[in-house]
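Undergrad: Build me a structure from this.
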Amino acid sequence: MASTGFDGSIPKEIGNMTSLHSIYLDNNALSGIIPGELFTANIGSIDISNNHFEGFIPSTIEASHDLTYLHLANNRLSGFIPSTVGNLIFLTTLMLYSNNFIGEIPSSICKLRSLQFLHLSDNRPHSSILSQGLALESLNLNSNNLKRILPQTLGNCGKLQVLDIGSNAIQDGFPFWMEDLVDLQVLVLRDNRFNGSMLLPIAYGEISNDAPFVKLQVFDISQNEFSGPLPTRYLTTFPAMMNAKEDFSEKSNWFRKYEESMEFVLKGTNQPLVRILKTFITIDMSKNKFSGKIPDSIGNLNSLKYLNFSYNSLTGHIPSSLGSVKALESLDLSSNRLNGEIPRKLTMLNFLSALNLSVNDLVGEIPQSGGQFSTFDNSSFIRNSGLCGFPLTKNCKQDPMAPPQESEDSNFVDGFSWRPVVLGYGCGFVIGVLMGCFIIKYGSPKWLLQPIFGVQ
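TA: Predicted coordinates for the structure are as follows:
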């Protein structure tokens, strides 16, 4: 059944239509409670998302034993997620995001061996994270109130492509065990309490490999408490961030069977993205406690589009290798302790549309070019006391060791300048002194005065 113009609630009689295999009533401004009669034995797909339903999920849901697709998102549903959901053994897609569910995520969901897409973001469950589910491809638990550490049993989900557990209260170290999730493409840990160093501990050496996260293209660990040096091991070897190619086919989209936005900080602002192409490649490590230098190896990730290291304690120079990341559209290195000059090679980034180097210790003249770099205003460079030149109002001082500049007005006609004039005055002075000495010694010789003054 396609979307219809229902006004009000779903009539209970709809459950008596035994021939129905699919019910799609999304975006119909429906309200009230979900009738239990909706869940029949023959139903295979139900989509009543983006309405105004309230109350609980009916316990009769277990009667729909052939159900494969259930989309109840963007309503006002509340209470507990019923454990009977675990009896829907053929369920592949469960969308419950943007409701008011509370309590624990039922462990019975772990029994759903066919479940591929589970999205429970923007609810209020207070504990538990799904720890199994071997068929899972996408797990989104963003913006809940999860507090426990990540269970390593998630590593059993070998098909996982998208994991978003951002905006919770998870306190843990970095999950190095996720390196073996070879299909993982999106990893979002932002806005939690993850902490500690991101240097690989010796204990994980046995499971590590030379190319961790082989397909990872979105790496967001911002707004946590990570410390120590940046993880050079990752910033050197993310294979999927190198030489990515445009592909607009349906298979190039991670969100193929549903539309739920994921929020990222892009070009300095929070932007929700509903559909993400394979060429969306971003690293966000901002608002942590990282220190040390930015590795030159960052230039190896030549397909990177968005890079954010802001609000850390990074030192050293901006690596000129960033100029090799030709696809870069946004670069934010603000609020660190970076020093040295801005590499002139950055002016070669023709797609760069957002730049923030403010609040650092950079020095020297801001490099100019006729390209994209010259379009940035002073907000990209402010609070660097040693920087000068356009677009800042601070002019660069002339090098005191450089020769004085000559203007056209200081030259004489026909190429004469101050140099021959000084030379002429010097020669005349020397000749005058010699003649005075000669006259004093020998008197006034007539042979000299006669041709000048006419003396006889």
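
Undergrad: how near is the closest residue to D66 other than its chain neighbours to L20?
TA: Once flanking residues are discounted, D66 sits nearest to G44: 5.5 Å by Cβ to Cβ, 6 or more residues apart in numbering. Placement of C-beta: from N, CA and C, glycine included. Distance of G44 to L20, computed by Cβ to Cβ, to the nearest Å: 9 Å.

Undergrad: who's more crowded, the two?
TA: L20 (17 against 14; other Cβ atoms under 10 Å).

Undergrad: quick one: low-confidence ranges for the stretch 201-350 of the chain?
TA: 202-210, 245-279 (pLDDT under 70).

Undergrad: Where do the strands of it begin and end?
TA: For the stretch 201-350 of the chain, strands defined by DSSP state E, counting those that start in this stretch occupy the ranges 218-220, 225-229, 262-266, 269-273, 282-284, 289-293, 306-308, 313-315, 330-332, 339-340.

Undergrad: could I get those strands as a markdown table with mean neighbour count?
TA: Conversion of these to a markdown table gives the following (neighbours: other Cβ atoms under 10 Å):
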| stretch | mean neighbour count |
| --- | --- |
| strand 218-220 | 23 |
| strand 225-229 | 16 |
| strand 262-266 | 20 |
| strand 269-273 | 10 |
| strand 282-284 | 22 |
| strand 289-293 | 16 |
| strand 306-308 | 24 |
| strand 313-315 | 17 |
| strand 330-332 | 23 |
| strand 339-340 | 14 |
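
Undergrad: Distance to I10 for the ones you listed - can I get that in CSV?
TA: Output for these, formatted as CSV (distance: least, Cβ to Cβ, whole Å):
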stretch, distance to I10
strand 218-220, 38
strand 225-229, 47
strand 262-266, 30
strand 269-273, 29
strand 282-284, 41
strand 289-293, 52
strand 306-308, 43
strand 313-315, 56
strand 330-332, 45
strand 339-340, 64
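
Undergrad: closest to P106 out of those strands?
TA: strand 262-266 (24.4 Å; Cβ to Cβ).

Undergrad: and the closest residue to N300 other than its chain neighbours, how many neighbours?
TA: Once flanking residues are discounted, N300 sits nearest to T236: 5.9 Å by Cβ to Cβ, 6+ apart. For T236, the neighbour count with other Cβ under 10 Å is 15.

Undergrad: Return the residues in contact with T236.
TA: The contact partners of T236, taken as Cβ atoms under 8 Å, 6 or more residues apart in numbering, are 295, 297, 300.

Undergrad: how long is stretch 20-38 from one end to the other?
TA: Start and end residues of stretch 20-38 are separated by 10 Å (Cα to Cα, to the nearest Å).

Undergrad: Tell me the buried residues in it?
TA: Going by neighbour count (16 or more other Cβ atoms under 10 Å), the buried part of stretch 20-38 is 20, 23-26, 28, 30, 34-35, 37-38.

Undergrad: Out of the residues you listed, which two are the most distant from each other?
TA: Maximum pairwise distance in the buried residues of stretch 20-38, criterion Cβ to Cβ, is 18.8 Å, between D26 and E37.

Undergrad: in the stretch 1-150 of the chain, what spans have low per-residue confidence?
TA: By pLDDT under 70, the low-scoring segments of the stretch 1-150 of the chain are 1-8, 11-19, 126-133.

Undergrad: before we move on, back to that, now do the residue nearest to N300 against S321, distance only.
TA: Using Cβ to Cβ, T236 is found at 11 Å from S321.

Undergrad: list the residues that contact both of these two?
TA: Joint contacts of T236 and S321 (Cβ under 8 Å, 6+ apart) are 297, 300.

Undergrad: of the contacts of T236, closest to Y311?
TA: Closest to Y311, out of all of these and judged by Cβ to Cβ, is P295, at 18.8 Å.

Undergrad: count of neighbours near the closest one?
TA: 19.

Undergrad: now swap in K287 and tell me
TA: Other residues close to K287 by other Cβ under 10 Å number 21.

Undergrad: picking that back up, need the residues touching each of G44 and L20.
TA: When Cβ under 8 Å, 6+ apart defines a contact, no residue borders G44 and L20 alike.

Undergrad: ok, the residue lying closest to P343 once chain neighbours are set aside - contacts?
TA: Spatially, and ignoring its direct neighbours in sequence, P343 is nearest to S320 (3.9 Å; Cβ to Cβ, 6+ apart). Under the criterion of Cβ under 8 Å, 6+ apart, the neighbours of S320 are 343-346.

Undergrad: Most neighbours among those, which one is it?
TA: When the contacts of S320 are compared by neighbour count (other Cβ under 10 Å), L346 ends up highest, at 21 neighbours.

Undergrad: Now do the contacts for the nearest residue to that residue once chain neighbours are set aside.
TA: Spatial nearest neighbour of L346, excluding adjacent residues (Cβ to Cβ, 6+ apart): G323 at 5.3 Å. Going by Cβ under 8 Å, 6+ apart, G323 touches 299, 343, 345-349.

Undergrad: how about 10 Å then?
TA: G323 makes contact with 299, 343-349, 352, according to Cβ atoms under 10 Å, 6 or more residues apart in numbering.

Undergrad: Among those, which ones are in helices?
TA: Counting by DSSP state H, the contacts of G323 place none of their members in helices.

Undergrad: Now tabulate the residues you listed in TSV and tack on distance to F373.
TA: TSV is the format used below for the contacts of G323 (distance: Cβ to Cβ, whole Å):
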residue	distance to F373
G299	17
P343	11
R344	9
K345	10
L346	6
T347	4
M348	8
L349	7
L352	7
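
Undergrad: per-domain residue ranges of the protein.
TA: Domain segmentation of the chain under automatic domain parsing yields 12-388, 419-453.

Undergrad: Perfect, I'm done here.
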